[in-house]
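S.K.: Sequence first, then the predicted structure, then my questions.
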Amino acid sequence: MSAKKARPVEVEPTVEADAAPAVELSLDPGPPPPTRVFRISRRRSGDRKPHFDDFEIEVEPGDTVLDALLRIRRTQEPSLVVRHSCMHASCGTCGVRINGRESLACDTKVDSLPAKTAKPAQPIKVESLANQRPVADLATDMIDFYARFEAAGLPLVRNADVASGAEPPDSIKAFGRFENCIECGLCLSACPIARTNHDYIGPAALAAAARIVEEPRGRELGPVLALAAEPDSVWRCHAALECSVVCPSAVEPALALLTLRRHIAANRARRLFSRKS
């Protein structure tokens, strides 16, 4: 008696009703980030004048000029000298000229700078601040700039004269903007008078002097007003207003100079009438 062959049993595949549909993973990374060309002023000790080097790098949305400069230094040119600190427009150390205009590199978006649609794209020109002694590449020597504050009688760091928890006087709003100066040097770089007269004390220091005059705190104002009245001080200003245009803290140095002129004129009038009497 022959044995019967077993018939194979066909089993239908089971499908779970709640199973999620398969998701296809795409390996396409998408288009690469756009690139921009940065034309950067390069200078070393002993160079009679700077030259320019071009760097093309990818820029992400929201990148600042400082982000781009640091990426260039990290990926292409480690010797690039860039001064920076806080990264959020509070310290003033990253001041440069971008396309001919004084700006803080950390506060200038790359997307805000013009670019031609035709290739090659318009380079973004980055230079060191003007009217200051160059150190290397985009860094300048700020010693002379800070010394102008000392000449005006205002040290960079002052002790608070208002006790902790005390209510400041209402009049502080009148000179609060002068207090906001971050000593970035943009105003001095943009000043056309400082470009031709290196003895000009400059808008930042004069704004500091105006702050002292508006807020004496018992200080003798004679030396401050005498400094402001010197030939290379407030009367040298031609009211180009470039200092106020480039100021990142809305300090309005040009307004400070006008304030000082008013105080100097009033002081001269008082002295004249006191002599006659």
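M.R.: Perfect, thanks for sending it.
S.K.: tell me the helices in the stretch 51-200 of the chain, going along the chain?
M.R.: All helices of the stretch 51-200 of the chain, identified by DSSP state H, counting those that start in this stretch, fall at 65-75, 143-151, 176-179, 186-190, 192-196.
S.K.: Any stretches of the stretch 1-150 of the chain with poor pLDDT?
M.R.: 1-28, 115-121 (pLDDT under 70).
S.K.: The residue positioned nearest the centre of the chain: what's it in contact with?
M.R.: In the chain, the centroid-proximal residue (Cα atoms, centre = their mean) is Leu104; its distance is 2.0 Å. Applying Cβ atoms under 8 Å, 6 or more residues apart in numbering to Leu104 gives the contacts Ala89, Gly92, Cys94, Gly95, Val96, Cys184, Leu186, Pro248. C-beta: built from backbone N, CA, C; applies to glycine.
S.K.: gap between it and Val251?
M.R.: Leu104 sits at a distance of 14 Å from Val251 (criterion: Cβ to Cβ, to the nearest Å).
S.K.: Among the contacts of Leu104, which one has the most neighbours?
M.R.: The most crowded member of the contacts of Leu104, judged by other Cβ atoms under 10 Å, is Gly95 (30 neighbours).
S.K.: Show me what that one bridges to in the sheet.
M.R.: Leu104 (DSSP bridges).
S.K.: got the contact list for it?
M.R.: Glu102, Ser103, Leu104, Ala105, Leu129, Cys184, Gly185, Leu186, Ser189.
S.K.: redo that, cut-off 10 Å
M.R.: Neighbouring residues of Gly95 by Cβ atoms under 10 Å, 6 or more residues apart in numbering: 83-84, 102-107, 128-129, 132, 138, 140, 142, 182-189, 246, 248.
S.K.: do Arg73 as well
M.R.: By Cβ under 10 Å, 6+ apart, the contact set of Arg73 is Phe55, Ser79, Leu80, Val81, Val82, Asp137.
S.K.: thinking again about what came up before, would TSV of the helices of the stretch 51-200 of the chain with distance to Ala269 be doable?
M.R.: Converted to TSV, those look like this (distance: least, Cβ to Cβ, whole Å):
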stretch	distance to Ala269
helix 65-75	48
helix 143-151	26
helix 176-179	24
helix 186-190	29
helix 192-196	26
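S.K.: Nothing else from me, thank you.
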